[in-house]
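Peer 1: how would this look folded up:
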Amino acid sequence: MRSQNQSLMWQLKTVESKPDQMLAMIEKVAFDPNVDVSKMEKLLDMQERIFDKQTTIDFNKAMVACQKEMPIVIAKVSNDQTKSKYAKIEHILQAIKPTYVKHGFSMSFGTDKSQLENHIIVTCDVMHESGYSRKYMSEMPLDSAGIKGSVNKTAVHATASAYSYAKRYLIGMIFNLTIANEDDDGVQAGGITIEQLLDYNFELRKHWASIATIKQGIYDD
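Peer 2: Predicted coordinates for the structure are as follows:
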């Protein structure tokens, strides 16, 4: 029994980095009545760890490829109060959905209770076809006041508005979106044009693979 279990563990080490071979080996030993149950449990635990690690790697690789191909979203809607332009959530999704779906991603939004008064937490579960998912969240104050600070919305409208804002910003953060023509007062004040900002983002995307590798290294400690 001991020599057989030692042989089993040796075979395990040889296929540890190959999930398909690992699964085939588990199926093989599962039908062997002489295999120690405790060894079998360790085998299954290791397979689960390998699967979790592989799906995380697949998620990160897909996100890098997805962001490389992500189109620039054009802000088309004018805000008369702030004299600026912004991109509606439906315009953003229309522009980027073909790209993130192509790379195996989907999104599911929800809410959570905030510890802050008159705030809402919006969550987004980003799921990948590999089986891995990652949760993002944004805490947003209820949008009940206008630009001058006076209340101009009902509680329902204020909550819906905050949810829409948070959802829009979450999507931009997750996929590192570039939105052109959106309120550029701060950019212009710093002496940077929209064209220069877009060029900067274009150059930055060339190094996203290296950035993702560094992030993965930090994640794996």
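Peer 1: For residue 181, list the residues it contacts.
Peer 2: 74-76, 85, 194 (Cβ atoms under 8 Å, 6 or more residues apart in numbering). The way it works is simple: take the backbone N, C-alpha and C, and place the C-beta from them, glycine included.
Peer 1: which of the residues in stretch 105-117 are buried?
Peer 2: Residues 105, 107 are the ones in stretch 105-117 that count as buried (16 or more other Cβ atoms under 10 Å).
Peer 1: Can you give the contact residues for that stretch?
Peer 2: 62-63, 66, 100, 120-129, 137, 139, 141, 163, 167, 170-171, 174.
Peer 1: how about a cut-off of 6 Å?
Peer 2: 120-128, 139, 167 (Cβ atoms under 6 Å, 6 or more residues apart in numbering).
Peer 1: Please check the residues you listed and keep the buried ones.
Peer 2: 120-124, 126, 128, 167.
Peer 1: which one of these is nearest residue 154?
Peer 2: Of all the buried ones among the contacts of stretch 105-117, residue 120 has the smallest distance to residue 154: 14.8 Å, by Cβ to Cβ.
Peer 1: you'd agree the closest one is up against residue 162?
Peer 2: Yes - judged on Cβ atoms under 6 Å, residue 120 makes contact with residue 162 at a distance of 5.1 Å.
Peer 1: list residues touching both of these two?
Peer 2: With Cβ under 6 Å, 6+ apart, residue 120 and residue 162 have common neighbours residue 140.
Peer 1: Please, where are all the strands along the chain?
Peer 2: 73-74, 77-79, 84-86, 105-112, 119-128, 133-141, 179-180 (DSSP state E).
Peer 1: Can you add mean pLDDT and distance to residue 47 and give these back as CSV?
Peer 2: Listed next are the strands of the chain as CSV, based on pLDDT from 0 to 100; distance: least, Cβ to Cβ, whole Å:
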stretch, mean pLDDT, distance to residue 47
strand 73-74, 88, 41
strand 77-79, 73, 50
strand 84-86, 75, 48
strand 105-112, 94, 25
strand 119-128, 93, 19
strand 133-141, 90, 20
strand 179-180, 83, 43
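Peer 1: which one of the contacts of stretch 105-117 is nearest residue 89?
Peer 2: Distances from residue 89 to the contacts of stretch 105-117, taken by Cβ to Cβ, are shortest for residue 167, at 6.0 Å.
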